[in-house]
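S.K.: Below: sequence and its predicted model.
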Amino acid sequence: MLLGDVDKGKRLFGLAILLSACASGASVALMGVAGWLLSRAAEMPPVLYLEAAAVGVRFFGISRGVFRYAERLVGHDLALRMQSALRMRVYGRLSGTTLLGRRHGDLLMRVTADVEAVLDLVVRVVVPACAASLVIIGTTALIGRFSVGSAAVLLGSALLAGVVMPWLTRRVSLSADRAVTPLRGELADRTRELTMAAPDLVALGAEEGALQRVLDVDARLRDAERRAARVRGLATGGQVLAAGVAVIGALLIGGRAVADGTMGGRILAVLVLTPLALHEVFASFTSSAQTFTRATGALQRVVEVLDAPPVGSGDSTKAQVDGVHVRAEDPPSLHIEGLAIGWPGHDPVLTGLDLDVAPGERVAVVGPSGIGKTTLAATVMGLIPEISGTVATTGRVRYLAQDAHVFATTIAENVKIGDRDATDPEVAGALAHAGLEMPLDRLVGEDGATLSGGEAQRLAMARVLAHHVTRPSPPATSHAPAVPFPLPRRSGQNSLPAPGSHRCSFSTSPPNTWTPRPRPC
Amino acid sequence: MAGPIDPRLLHRARATVPFLVALCVTGVVTAVLVLCQAWLLARAISSVFATHRTDGLTTWCALLAAVFCGRAVTSWATEWLSHRAAAAVKSQLRGDLLRARLVRPTDSTVPSGTLITLVTTGLDALDGFYAKYLPQLVLACIVPVILAVAIGLQDLTSVIIIAVTIPLIPVFMALIGWRTEAAMARRFRVQTRLANHFADLMAGLPTLQVFGRARAQLKGLRRTEGANRSETMRTLRISFMSSFVLELLATLSVALVAVTIGFRVAAGGMDLRTSLFILILAPEVYLPVREVGARYHDSADGMAAAEAAFSVIERSQTPVGASAPAPPLRRSPRLLPPPRLLPHPPCRPLSPPPAPSPPRATPPWSSRTSPSAIREPALPPCPGSVSGSNPARRWPWPDTPGPARRRPWTACSASFPPDSGRILVGGVDLTGAGQDTWRAWRRRLAYVPQNPGLLRGSIAGNLLLGHPQATPAQLRDALDRCGGRSLALDKEVDDDAEGLSAGERRRVALARALLRVEEGGAGMLVLDEPTAGLDEATESTVLRTVRDLGASVLVVSHRRQVLESADRIVTLAAATTATGEATR
């Protein structure tokens, strides 16, 4: 599916498999040809007859490393391209579905990690498996020319070591993995809980008990991993036995054939040494089987995200001046009439809403959580369609979330998310309005790591205030962006200063308070 | 390549020494079995070749079968022992890491995200180090010698070829590693930054959508992805180079040996049996060395993870108050905490210096706490402990937000060392004091941070953290008085306190602190924005409850109501300004 997204994807894929097969084939051929060389030499022919085989041995000796190097580069290049393609798909998909007000934190973090499974799947599972199949077929065909019985044993043992054993590992360790995966999740959750609540726990003197909770999970994880390791061990042991079957089988069948005179003596060494080298190829397959389980699980979750029907429109159409939905010269206003709101596919949360917000007016929407305040905001911003009634806005609609994300870039770039056309002086002005004095080119760390909670909140505020003036001197009010809701509710509320501007005066008792009422039921 | 191994890792390895030794023994046994296998195969093939008869073939085959069975057992044992070798160290490090966090709960140099990654997937990288790399390193020194001696007993020329080529492998790899280390480190950093871009975009997706900018980022994302890929490929081209040299040298040497003995057999200088024996063994001689190279990358991840872990653990071992410079971290693009781009805003000492508990206003301990309850090391009895004669004081500290403001309390609750100055409690200097002193102090402290942390479980379970012996009635009463009348005690709290609003979380935390003061005998209450997210009525309830406690209260707030109910207000200003006090 993804190969189509990648430029020359199929060709790269084929090339990677071919190179990988050549690399594995070279090591098998090295042993086979060397065995022939020694046996032929033992017949003491003129040295000239050995030259071709000697050149072959040297060639395979060099080419194996070269092929492997090329294969790894091509395979990784392809896998990285596929990873990029998948990321683009996931991003494209999720950016088109409204995420505001939905529980998205874990989803977004998980998808980010899950996408990376493509690399493992391609590099460690798909390419080696396809290449090994080619090598098995090739080797079996070649051996078959000398001894059909020996070739059959070789094929059988190869299937045993390369297919059956990894498959068994996968089946058996699936239950162990099934135990391990949630335990890992729980370990991460408990660790997170411990680090988040650390100041409380320490102050309360409850740290030992909480630590023990985490260590208990660790102990259970260790047990589950021990079971998985035992299974892995059995599978690798089984592979060694399969190699033994192949070698001993070749020796018995080949020995009889030589004694019967149906096969030349010099072929015997080839028959016996080739399986020995071939089975080296399968050594990594049991761990590949476990990688396969993990990677497909992760990709399954990604596919679920890709297949989920989109909710709403994704991008707000009312936040940026585009000349169609939002014209620069319009004064901001909001008119709501007979509005019913709710998430698409769900029952309406609120019905019969009427509200007018005039330019410069401040209206607080209050109500208990779950009443539909965020849903109303999403509807007003055009993120989700209204169920019935009308929402008419003019001017830009901005939204200040209590948990607005701070991107790991410069202060200026963070502010310009509010208005991509804003000039540096305008950005600086917005920052000053929000009460944040910081150099525009200062980098904020990952997730705003170098900013305090209050500073991050002000930065988010500046984003809302950022605003590019297209005409020389417009009347200030006509361009004041409307910031309908919500007022930052949680911790940030008190850290925000009240700038003396009419654009955004926050106070605990706003001039107009409007309480949505739940629909009668 | 194999850089110096961190001695701390070897020190930790002591816990698993039996397993590591067992792994090495298994490795040696495997080598001996391989030796037998080569000898049996050479013997069987050459005898059939020479005689064209199958006499004794079944015996050879039976012996070979036994050898393969033996190898199956050793490979099973290797997997199992490998796991055991790593598991013990991993668990130990996990515990130590978490303990380190608890010693410095607000240490922001290691973000929670980094710590979680480190505790989960980061330490798993140690499997590569303890289970594979370390035993392989030992085997790479033993196995080639055993096999080379076996070959040498048969043929000297081959062993010379091997003896010359084997040392070339580490030499070449060291050369390559040395030439490219700096470039790789730089590329890894660039790559990490580019790779994080996607995670950052995903996390900020809702914010982008609100501003109608989400889809517009797709173009930028495509560009970054392209840049990321070419940067990664450039790194890989170099890092695969070392394994290329490894494979090339190893296989080429085998080919050299094969061709040399081939011509000597043709010239009659060697028999087929010996030559086959050498041919089968030759790749096995190089195998352990190749494995070391192959495992090196696994181990590098593990060592980087371990280094990050050690730096966190060691930071916590320096006493609070003493400056704890983090040892420089190397390698590990993923596990490093993001670089601090700027230091914290300067935090000036509070003035007058020994703050926030100047001797003249040493917080009165609750009279209910019997001084004898605190042993080791004993804090002096509380001065002015008779309530009434020295009324409890409340000091709100309104100020600009930022780390500077948060510092006094975190310093007070021992999570953050002060830059200078002292914290005196009843004459005992807490700065630089040992963990026991801090623990004793914390037993007399109730603290509600701005974003209280709750554990998964019921509300009652969270309240009991304040005072484990409290009865359900006491829990109910405390919660009621903190405005939590509508909250059921058995209501479940999910991860990240999901299911409770910010205000409800704060009410639970307040009730918890209340229990600690009233039932647990704590004499000092430190509150950070305790009423944020509460409506005015609840705020009044909470403030009344806090005032009625009779304990000393230190509260950070911007709220008018809170400021009004304080006895004194201390205003902190950034940088040079001294404390301004206003007594109400």
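M.R.: The structure has been received and is ready for your questions. Numbering: from 1, shown residues only, chains lettered A, B, ... in the order given.

S.K.: okay, now whichever residue of the stretch 401-521 of chain A sits closest to chain B: neighbour count?
M.R.: Distances between the stretch 401-521 of chain A and chain B by CB to the nearest CB are smallest at A:Gly454, namely 2.5 Å. For glycine as for every other residue, the C-beta is placed from the backbone atoms N, C-alpha and C. Using other CB atoms under 10 Å in any protein chain shown, the number of residues around A:Gly454 comes to 24.

S.K.: Let me know the distance separating it from B:Val556.
M.R.: 12 Å (CB to CB, to the nearest Å).

S.K.: Could you do B:His467 as well?
M.R.: In terms of CB to CB, B:His467 sits 24 Å off from B:Val556.

S.K.: likewise A:Leu353?
M.R.: 39 Å.

S.K.: more crowded one of these two?
M.R.: B:Val556 (25 against 21).

S.K.: Pop out the phi and psi values for that one.
M.R.: phi -100, psi 130 (degrees, to the nearest 10).

S.K.: which stretches of chain B have low pLDDT?
M.R.: Within chain B, the set of residues satisfying pLDDT under 70 comprises B:1-6, B:106-113, B:191, B:195, B:297-298, B:318-419, B:495-499, B:574-584.

S.K.: all strands for it, in order.
M.R.: Here chain B has its strands, by DSSP state E, at B:394-396, B:424-425, B:428-429, B:445-448, B:457-458, B:492-493, B:524-528, B:552-556, B:568-571, B:580-583.

S.K.: Chain A is nearest to which of these?
M.R.: Short answer: strand B:445-448, nearest of these by CB to the nearest CB, at 3.7 Å.

S.K.: residues in contact with the closest one?
M.R.: Residues outside strand B:445-448 that contact it (CB atoms under 8 Å, 6 or more residues apart in numbering or on different chains) are A:199-200, A:203-204, B:409, B:412-413, B:466, B:506, B:509-510, B:512-514, B:516-517, B:520, B:522, B:524-528, B:530, B:551.

S.K.: Would you mind listing where the stretch 351-500 of chain A has pLDDT under the threshold?
M.R.: A:369-370, A:445-449, A:469-500.

S.K.: So which residues of it form strands?
M.R.: A:363-365, A:388-394 (DSSP state E, counting those that start in this stretch).

S.K.: want to try JSON lines for these, with mean neighbour count as columns?
M.R.: Converted to JSON lines, the strands of the stretch 351-500 of chain A look like this (neighbours: other CB atoms under 10 Å in any protein chain shown):
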{"stretch": "strand A:363-365", "mean neighbour count": "18"}
{"stretch": "strand A:388-394", "mean neighbour count": "16"}
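
S.K.: of those strands, which approaches A:Gly96 most closely?
M.R.: A:Gly96 lies closest to strand A:388-394 among those, at 20.6 Å (CB to CB).

S.K.: Can you pull the phi/psi pair for A:Gly264?
M.R.: Backbone torsions of A:Gly264, given as degrees, to the nearest 10, read phi -70, psi 140.

S.K.: Export the strands of the stretch 351-500 of chain A as CSV, with columns for distance to A:Ala432.
M.R.: CSV is the format used below for these (distance: least, CB to CB, whole Å):
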stretch, distance to A:Ala432
strand A:363-365, 25
strand A:388-394, 27
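
S.K.: Include distance to chain B when you put these into CSV, please.
M.R.: Output for the strands of the stretch 351-500 of chain A, formatted as CSV (distance: least, CB to the nearest CB, whole Å):
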stretch, distance to chain B
strand A:363-365, 13
strand A:388-394, 13
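
S.K.: Nearest to A:Val90, out of those?
M.R.: That would be, of the strands of the stretch 351-500 of chain A and by CB to CB, strand A:388-394, which comes in at 30.3 Å.

S.K.: buried set for the strand or helix carrying A:Met31?
M.R.: Secondary-structure assignment from DSSP states H and E places A:Met31 in helix A:9-42. Buried residues in helix A:9-42, defined by neighbour count with 16 or more other CB atoms under 10 Å in any protein chain shown: A:9, A:12-13, A:15-42.

S.K.: Which ones among these also lie next to chain B?
M.R.: The subset of those within reach of chain B, by CB under 8 Å from any CB of the partner chain, is A:26-27, A:30-31, A:34-35, A:37-39, A:41-42.

S.K.: now for those, which pair is the farthest apart?
M.R.: The widest separation within those (CB to CB) is 24.4 Å, between A:Ala26 and A:Ala42.

S.K.: Can you get me a residue count around the residue in the stretch 451-584 of chain B positioned nearest to chain A?
M.R.: Relative to chain A, the nearest point of the stretch 451-584 of chain B is B:Gly453 (2.6 Å; CB to the nearest CB). For B:Gly453, the neighbour count with other CB under 10 Å is 24.
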